[in-house]
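Engineer: mind looking at a prediction? Sequence and model below.
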Amino acid sequence: MNKKILISTGGSGGHVVPGTIFYEHLKDNFDVYICSDKRGAQFLNREKYNVEIVNTPKLSKNLFLLPFQLFLILYLVVKSLFFLKKKKIDILISTGGYMSLPSCIASKILNIKIFLFEPNIVLGRANRFFLNFCEKIFSYSDKIKNFPNKLTNKIIVIKTLLRKEFYLARPSEDINKKINLLIIGGSQGAKLFDTAINESAIKLSKKYELKIYQQINFENYKNLKDFYSKNNIENELFDYKENISDFMCKANICVTRAGASTLAELTFLNIAYIAIPLPFAKDNHQFENASFYKAQGCSWILNQSELNENNLSNKLINIIENKEEYLDKKKNMRNFSYQNTWNNINQKIITIINEN
């Protein structure tokens, strides 16, 4: 009889996308379910996945609300206990975040095996809390910051998780006469990118043939569309739910936030990029993610505090004009992604699950 696996995910797309990739890797060998909160559910195709909603609240710093929230989490733990027993779950895989708390606590109570996933180069707080109780933790590096030395034997290093369409994607040609600039704000939508890049776009459009592909928060759609039209800049605007691989394959240079999934995807497709880490990310994990890829010789970093029209446009122009460095970065990306195939990752994940 197949083992039954529950994947606990939710919150941002950065948690949910890896959860769906685990689902796709495991669905042919196991009975797989996904639980998510309402925020995460917006990134899930409810017709494609077996989804259970466990809407875990984010703990407030307001002391008056804390008792109510703790009571709600206790209720969700009880709800998770019933769900886990009803579905006879054997294994829980958590992609981290506060929304995983009820499922992980319930799994611990029922002695269900727990596997964690940490895509960032800094150990997440929820993962840190459950590290003692898990069988293994999947990650992209064995040098995770804030990771207890005595538990490093639990780390299973895998190649970066990618959706299947990325293995079939065909990226565009290198920078030549036309600059196809991709701007990625992540699932939360980087409102800063909707305004801070405008003047740089004007400078680039005066110097090169330019087309911009921009992932946006649609609250600013009209303003951006009007701005690009006014300045005769060719553009396509899209949101997080659209197939990002299609837009990546049209680009030959990118400006992006530093979410783990996005950097992994750009690196795999050899799209030269400048990472601008979100400075308020917990434990500064976006900066650490960007630094990891920079250390591999795969990218450039620009701190948000340095983001202005001159710094960004000068950096982009320098990359475009300095073809040798541009090509060197792309070569390093190819070397980094060597052996990252769907089958290699699939076999490793299934082997680890079956061995534990």
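Structural biologist: Yep, it's here.
Engineer: what comes into contact with the one helix or strand in the chain whose mean pLDDT sits lowest?
Structural biologist: One helix or strand of the chain scores below all others by mean pLDDT, DSSP states H and E: helix 193-196, with a mean of 71. For helix 193-196, the surrounding residues in contact (C-beta atoms under 8 Å, 6 or more residues apart in numbering) are 183, 185, 214, 216-217, 220, 223-224, 255, 257, 307-308, 312. In short, each C-beta sits where N, CA and C put it, glycine included.
Engineer: gap between that helix and the chain center?
Structural biologist: 21 Å (C-alpha atoms, centre = their mean, to the nearest Å).
Engineer: again, but for stretch 71-83
Structural biologist: The answer for stretch 71-83 is 27 Å, by C-alpha atoms, centre = their mean.
Engineer: how many residues are close by residue 242?
Structural biologist: 12 (other C-beta atoms under 10 Å).
Engineer: how much space separates it from residue 248?
Structural biologist: 11 Å (C-beta to C-beta, to the nearest Å).
Engineer: likewise for residue 35?
Structural biologist: 29 Å.
Engineer: cool, residue 175 as well?
Structural biologist: According to C-beta to C-beta, residue 175 and residue 248 sit 15 Å apart.
Engineer: higher neighbour count, these two?
Structural biologist: residue 248 (25 against 18).
Engineer: distance check, that one against residue 261.
Structural biologist: From residue 248 to residue 261 the distance is 12 Å (C-beta to C-beta).
Engineer: equivalent analysis for residue 319, please.
Structural biologist: Relative to residue 261, and taking C-beta to C-beta, residue 319 is found at 23 Å.
Engineer: please, where are all the strands along the stretch 251-356 of the chain?
Structural biologist: Counting by DSSP state E, counting those that start in this stretch, the stretch 251-356 of the chain has strands at residues 253-256, 273-275, 300-301.
Engineer: name the surrounding residues that touch the last one.
Structural biologist: Yep, that's strand 300-301 we're talking about. Residues outside strand 300-301 that contact it (C-beta under 8 Å, 6+ apart): 273-277, 287, 290-291, 294, 315, 319, 329.
Engineer: how does it look with 6 Å?
Structural biologist: 274-275, 290, 294 (C-beta atoms under 6 Å, 6 or more residues apart in numbering).
Engineer: dump those into a markdown table; add distance to residue 162 as well.
Structural biologist: Formatted as a markdown table, those follow (distance: C-beta to C-beta, whole Å):
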| residue | distance to residue 162 |
| --- | --- |
| 274 | 21 |
| 275 | 18 |
| 290 | 18 |
| 294 | 20 |
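Engineer: just to revisit the earlier point, of residue 319 and residue 261, who's got more company?
Structural biologist: residue 261 (24 against 18).
Engineer: host element of the residue lying closest to the more buried one once chain neighbours are set aside?
Structural biologist: Distances taken as C-beta to C-beta, 6 or more residues apart in numbering put residue 17 closest to residue 261, at 5.1 Å, once the chain neighbours are dropped. For residue 17, the host element (DSSP states H and E) is helix 13-26.
Engineer: just checking, what packs against the helix or strand following that helix?
Structural biologist: Going down the chain from helix 13-26, the next helix or strand is strand 31-36, by DSSP H and E. On a contact count with 3 or more C-beta pairs under 6 Å, 6 or more residues apart in numbering; DSSP states H and E, strand 31-36 meets strand 4-8.
Engineer: ok, 10 Å please
Structural biologist: Applying 3 or more C-beta pairs under 10 Å, 6 or more residues apart in numbering; DSSP states H and E, one finds that strand 31-36 contacts strand 4-8, helix 13-26, helix 38-41, strand 51-53, helix 66-87, strand 91-94.
Engineer: would JSON lines of the ones you listed with mean neighbour count and mean pLDDT be doable?
Structural biologist: What follows is the helices and strands packed on strand 31-36, written out as JSON lines (neighbours: other C-beta atoms under 10 Å; pLDDT from 0 to 100):
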{"stretch": "strand 4-8", "mean neighbour count": "26", "mean pLDDT": "96"}
{"stretch": "helix 13-26", "mean neighbour count": "23", "mean pLDDT": "92"}
{"stretch": "helix 38-41", "mean neighbour count": "20", "mean pLDDT": "82"}
{"stretch": "strand 51-53", "mean neighbour count": "16", "mean pLDDT": "81"}
{"stretch": "helix 66-87", "mean neighbour count": "15", "mean pLDDT": "87"}
{"stretch": "strand 91-94", "mean neighbour count": "26", "mean pLDDT": "97"}
